[in-house]
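**Student:** show me how the following folds:
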Amino acid sequence: MTNLNLGPNLYNWPAEIWRDFYLQLADESPIDKVFLGEVICSKRAPLFEPYYEEIVSRLTKAGKQIIYSTLAEITSNIDRRLLTKQLSDKNIIIEANDVAALLSLNGAPHTIGSYMNVYNEDSLEFFAQNGATNICLPPEMPKSGIKQLNKTAKKLNVELEVQIFGRIGLALSARCYHARAHELTKDSCKFICDEDLDGMDLTTLEGQDFLTINGIQTQSYTCLNLVNEINQLQEIGINNFRISPQSKGTIKATIVFRDLLDRKIDVDEASAKLEEEKINAPFSNGFFYGVAGNEWRV
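**Tutor:** Got it, this is the predicted structure:
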């Protein structure tokens, strides 16, 4: 079975926009799995809590499997409290994005997010032996690495997942650059990141678009798009594909990729449809080919 999954929303959207996005997703998207939960900043989490029950109910009725993602960086007491809360319900499936989650999981079945940086067979085997059933690879993994790791994953009865669309998470910081850019501190940020629905774009001194800032996270400026590489990924045995949400075009992208995976449309038609709906950033696929990630190769 080929699964098309929606990764956790990484941005601080206004709560009502966040709620409406997931309700629309439940009604209109052919997505199989939905990852919910705050990954970037624990201060954001309470903003969305009033809507979780409604969203989970709608997604579940629509046949979507729900997985709860943990924080990608644990640096403070508030982070630890959120992690403890996320792990307190033993009846839900957890995606661990920081090793701090593994102790509480205590070998229970779970998934591993891309922030855990599984780059080699040893780390893949370690997580598999500790209860991981699905591992989302870092988006900078080239095709050769994905192919090699999938051979090991099959032996360990673990499914690998690959991000195919959306901005790429590159790094995390203990400090919030988003706040500092507005002469604020992380503790008194006024949630300024909610002004940038797809992150805050950075340019070089020469005015060239370079990176995107999302709170403590540094992302690519370009939007990853592996529409031309789907067949290659399927040929090497990948059956789990992840889309990372953006404020524009995400639901349309899930429909396009589902139709492509089901062979209802070809690559050329899928590419044209994605071009119509993309955020204000160019596409890239360089990492897949082992070159600079912001490159676009056809």
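
**Student:** longest strand in the chain, by residue count?
**Tutor:** Using DSSP state E to assign secondary structure, the strand with the most residues in the chain is strand 159-172.

**Student:** list the buried residues of it.
**Tutor:** Buried residues in strand 159-172, counted by 16 or more other Cβ atoms under 10 Å: 159, 160, 161, 162, 163, 164, 165, 166, 167, 168, 169, 172. C-betas here are computed from N, CA, C, even on glycine.

**Student:** can you list the strands that it pairs with?
**Tutor:** Strand 159-172 has the following strand partners under DSSP bridges: strand 132-136 (parallel), strand 217-225 (antiparallel), strand 240-243 (parallel).

**Student:** so which elements touch the very next helix or strand once past the second one?
**Tutor:** Looking back up the chat, that one is strand 217-225. Per DSSP states H and E, the first helix or strand lying C-terminal to strand 217-225 is helix 230-235. When contacts are defined as 3 or more Cβ pairs under 8 Å, 6 or more residues apart in numbering; DSSP states H and E, helix 230-235 sits against helix 143-156, strand 159-172, helix 250-261.

**Student:** looking at the ones you listed, which is nearest to residue 71?
**Tutor:** With distances scored as Cβ to Cβ, the stretch of the helices and strands packed on helix 230-235 nearest to residue 71 is strand 159-172 (9.8 Å).

**Student:** output that closest one as PDB, nothing but the C-alphas.
**Tutor:** Presented in PDB, the C-alpha positions along strand 159-172 are these (Å, rounded to 0.1, in the frame of the first residue of the first chain):
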ATOM      1  CA  GLU A 159       8.900   1.400   6.700                       C
ATOM      2  CA  LEU A 160      10.800   4.400   5.400                       C
ATOM      3  CA  GLU A 161       9.100   7.700   4.600                       C
ATOM      4  CA  VAL A 162      10.400  10.400   2.300                       C
ATOM      5  CA  GLN A 163       9.400  14.100   2.100                       C
ATOM      6  CA  ILE A 164       8.400  15.000  -1.400                       C
ATOM      7  CA  PHE A 165       6.900  18.400  -1.100                       C
ATOM      8  CA  GLY A 166       7.200  21.600   1.000                       C
ATOM      9  CA  ARG A 167      10.000  23.600   2.500                       C
ATOM     10  CA  ILE A 168      13.000  21.800   3.900                       C
ATOM     11  CA  GLY A 169      13.900  22.000   7.600                       C
ATOM     12  CA  LEU A 170      17.700  22.600   7.700                       C
ATOM     13  CA  ALA A 171      18.600  23.500  11.300                       C
ATOM     14  CA  LEU A 172      17.300  24.300  14.800                       C
END
